[in-house]
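Enquirer: model this:
(one chain, ligands or ions: 2)
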Amino acid sequence: MSEISELMWVEKYRPQKLQDVVNQRAIVERLSSIVKSPASMPHLLFAGPPGTGKTTCALALARTILGEPWRDYTLELNASDERGINTVRERVKTFARYATQRGINIPFRVIILDEADEMTNDAQTALRRIMEETSRFTRFVLICNYSSGIIEPIQSRCAVFRFSRLEEKDVVSYMTSICKKEKVRHTEEALSKIYELTGGDMRHAINLLQTSAFIGDVSIENVEKTAGISSRSKVSEIIDLSLKANFKEARNKLVVLTEVYGLSERDFLKYATEEIFKLGLPNAEHAAEALAKYDYRLIVGAHPEVQLAALLAELGRIGKDAGYRGSK
Ligand SMILES: Nc1ncnc2c1ncn2[C@@H]1O[C@H](COP(=O)(O)OP(=O)(O)OP(=O)(O)O)[C@@H](O)[C@H]1O
Ligand SMILES: [Mg+2]
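Expert: Ligands and ions are numbered 1, 2, ... in the order given. Model (predicted):
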């Protein structure tokens, strides 16, 4: 394990075997039976909310089917990082052609394509063709948040697995075992608090557990300090910047807050609403309308990063109308 994955609890405690995945029983059972006769494995489509074990299951599956050299025969791609379907095609083709080492008997190579629902319909149509052309040598595991974002012809070629949010008892008991291994003092209530703040997203929960442990014991007080207050003060900074129409800076800070600190987009909106009303803008009703609009868009599943960036831009206009000069 590399140093960084040793340091990050989410990686350090990522289950290596299907059997160790918490909950998702029905999925683990179906996957375990697929593993028994890999030759007839179809392409797979994993759909579900963040931090519920999709990538973990895909990796564990590859590890079980391909055995020791699994790394050499597994390609992990992120659809939204690749520059387009042509790079995906090139990488998949090169990978599929790459000779198998002599003496190694593997049924196929595994291609894990994360964020497949971020691909345009045209790209997905091209992907479907790639899947067909290379199906003698490869199996795809497509991962997405919403299966509705995947075109029908791909869906119908895949066995679909729906991951659900993890329940409190599962997340709490997983965190308890991590605390034991890391020799971290904690209270039951603090772990429940972490669950409450992260709503069934195990990655987010483990990250919050680690940052709380970083400043001392895992107590309600420390959990709230790391989760709420620190991100809240960052939210107020972002709101201040965006009302001053400093869009670029505000957006950069927002990305750090959601990606590094793991604040969910919904929580960002919640804190943003509180911060904005504290400022007592003369045109607060415009701000309220904007916040409600983006809240709704997030609920119906629009792209959070794009939506929140648009909100920051809109706040810039609202701040200008209000003659806003800064909170300090
Ligand atoms: N069901 C689970 N059992 C045990 N640990 C889990 C489970 N789900 C998530 N985790 C923990 O959370 C981390 C992230 O999980 P994973 O990468 O599988 O999430 P994901 O479903 O792929 O999420 P995303 O959609 O954000 O990529 C893992 O490293 C692991 O520590
Ligand atoms: Mg993932």
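Enquirer: what does the stretch 51-200 of the chain have sitting close to ligand 1?
Expert: 51, 52, 53, 54, 55, 56, 166, 174 (Cβ under 6 Å from any ligand atom). For the C-beta atoms, the positions are set from N, CA and C on the backbone; glycine is no exception.
Enquirer: so how far is stretch 278-294 from its chain's centroid?
Expert: Taking Cα atoms, centre = their mean, to the nearest Å, the mean C-alpha location of stretch 278-294 is offset from the chain mean by 29 Å.
Enquirer: Now it: buried residues?
Expert: 279, 281, 286, 287, 290, 291, 294 (16 or more other Cβ atoms under 10 Å).
Enquirer: what is the rounded mean pLDDT of that stretch?
Expert: Computed over stretch 278-294, the mean pLDDT rounds to 93.
Enquirer: How about residues contacting that stretch?
Expert: 239, 243, 269, 272-273, 276-277, 307-308, 310-311, 314-315, 318-319, 321-324, 327 (Cβ atoms under 8 Å, 6 or more residues apart in numbering).
Enquirer: pretty sure residue 44 is in a strand, no?
Expert: Yes: Residue 44 forms part of a strand when assessed by DSSP: H, G, I helix; E, B strand; the rest coil.
Enquirer: Quickly find the element holding the residue lying closest to it once chain neighbours are set aside.
Expert: Counting by Cβ to Cβ, 6 or more residues apart in numbering, the nearest residue to residue 44 once its immediate chain neighbours are dropped is residue 141, at 4.7 Å. Assessed by DSSP states H and E, residue 141 sits inside strand 138-144.
Enquirer: Name the residues of the helix or strand just after that strand that are buried.
Expert: Going down the chain from strand 138-144, the next helix or strand is helix 152-155, by DSSP H and E. Within helix 152-155, the residues scored as buried using 16+ other Cβ under 10 Å are residue 154.
Enquirer: So which elements touch helix 152-155?
Expert: helix 121-133 (3 or more Cβ pairs under 8 Å, 6 or more residues apart in numbering; DSSP states H and E).
Enquirer: Report the buried residues of the helix it packs on.
Expert: Buried residues in helix 121-133 (16+ other Cβ under 10 Å): 123, 124, 126, 127, 128, 130, 131.
Enquirer: With stretch 186-201 instead?
Expert: So stretch 186-201, judged by 16+ other Cβ under 10 Å, has buried residues 186, 190, 191, 192, 193, 194, 195, 197, 198, 199, 200, 201.
Enquirer: No further questions, thank you.
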